[in-house]
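Q: Quick one: sequence and predicted model below, then my questions.
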Amino acid sequence: MQNAVTAISERTAEAILVAARKRFSSHGYDGTGLRAIADLAGVNVALIGRYFGSKQGLFLAALPPTLDISRLMGGPMSEFGARAANLMDMRSPRGFDPMLALIRAAASPVCAPALKAALDRQVIAPLAMRLDGRDTHVRAGMILATMAGYDLMMRVIGIEGLRGAAGAQRRNSLAAALQHVVDSDGGPG
């Protein structure tokens with residue numbers, strides 16, 4: 001009996017997370033209400049509080065875990081630029097757009113500090129640990145900024161300079177830019 005209850009609880013929590021990702025992507029943090037998430041998930045709104053505590057708790061459970069960088073880190077750093085550029089061109093069947101959700105959440109004074117902490121903990125710190133030389137946290141931030149800017153300009157805004165370029169040309173340019181930051185020692189020049 002306990003296993004059946006646990007399975008139902010896990011399915012309910014997952015349904016809430018899926019609905020939250022969709023709503024946060026399409027309406028932002030401030031534009032998303034818990035009742036709308038509950039309706040989309042097909043659950044009672046009280047279950048959101050039970051499983052996640054609050055809207056902010058739900059947001060943090062729904063989005064930052066999608067920032068898993070293990071695929072980026074799974075190889076030698078001498079190949080990081082090419083690996084990252086190839087991953088940036090892949091379309092993920094996640095059913096939500098994490099870039100839009102992050103952009104919209106960053107504008108929320110309630111959510112922005114938690115988002116910054118999650119990015120620092122889940123992306124910047126592990127990436128900085130893999131970089132050689134000085135200023136590893138600054139360089140890790142530049143890598144994240146470059147990748148996020150590329151994603152924003154390519155997919156979300158769709159600027160012609162990127163969309164019009166051949167896929168290999170885009171990937172090679174992005175790979176070179178990222179690899180330059182990885183390979184620099186953080187010193188002058």
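A: Sure, I can see it. Numbers count the residues shown, from 1 in each chain.
Q: any weak-confidence spans in the protein?
A: 1-5, 7, 64-67, 91-98, 186-189 (pLDDT under 70).
Q: Tell me where the longest helix sits in it.
A: Scanning the chain for the helix with the most residues, using DSSP state H, yields helix 2-27.
Q: helices and strands around it, which ones?
A: With contacts taken as 3 or more C-beta pairs under 8 Å, 6 or more residues apart in numbering; DSSP states H and E, helix 2-27 sits against helix 34-41, helix 46-52, helix 55-62, helix 98-106. All C-beta atoms are positioned from the backbone trio N, CA, C, and that covers glycine.
Q: For it, list every residue counted as buried.
A: Buried residues in helix 2-27, counted by 16 or more other C-beta atoms under 10 Å: 12-13, 15-25, 27.
Q: gap between it and the chain center?
A: Centre-to-centre, helix 2-27 and its host chain are 19 Å apart (C-alpha atoms, centre = their mean, to the nearest Å).
Q: could you give the angle of it to helix 98-106?
A: Calculated by axes from the mean of the first three to the mean of the last three C-alpha atoms, to 10 degrees, helix 2-27 forms an angle of 80 degrees with helix 98-106.
Q: could you give the angle of helix 2-27 to helix 34-41?
A: Using the same axes, to 10 degrees: helix 2-27 against helix 34-41 is 120 degrees.
Q: number of nearby residues for Asp151?
A: 16 (other C-beta atoms under 10 Å).
Q: which residues does it contact?
A: When contacts are counted by C-beta atoms under 8 Å, 6 or more residues apart in numbering, Asp151 touches 88, 99.
Q: From Leu162, how far off is it?
A: 10 Å (C-beta to C-beta, to the nearest Å).
Q: repeat for His137
A: His137 sits 28 Å away from Leu162, going by C-beta to C-beta.
Q: repeat for Arg104
A: Applying C-beta to C-beta to Arg104 and Leu162 gives a distance of 22 Å.
Q: Looking at these two, which has the bigger crowd around it?
A: The residue with more neighbours, out of Arg104 and Leu162, is Arg104; 20 against 16, by other C-beta under 10 Å.
Q: Once you drop chain neighbours, what's closest to that one?
A: Excluding the flanking residues, the one nearest Arg104 by C-beta to C-beta, 6 or more residues apart in numbering is Gly28, at 3.0 Å.
Q: related to what we said a few turns ago, which pair of the buried residues of helix 2-27 spans the longest distance?
A: Largest separation among the buried residues of helix 2-27 by C-beta to C-beta: Thr12 and His27, giving 21.8 Å.
Q: Which residue ranges make up the domains of this structure?
A: 2-53, 64-183 (automatic domain parsing).
Q: Could you figure out how far the helix or strand hosting Ala118 is turned away from helix 98-106?
A: Using DSSP states H and E, Ala118 maps to helix 112-119. Angle of helix 112-119 versus helix 98-106, following the same axes, to 10 degrees, is 140 degrees.
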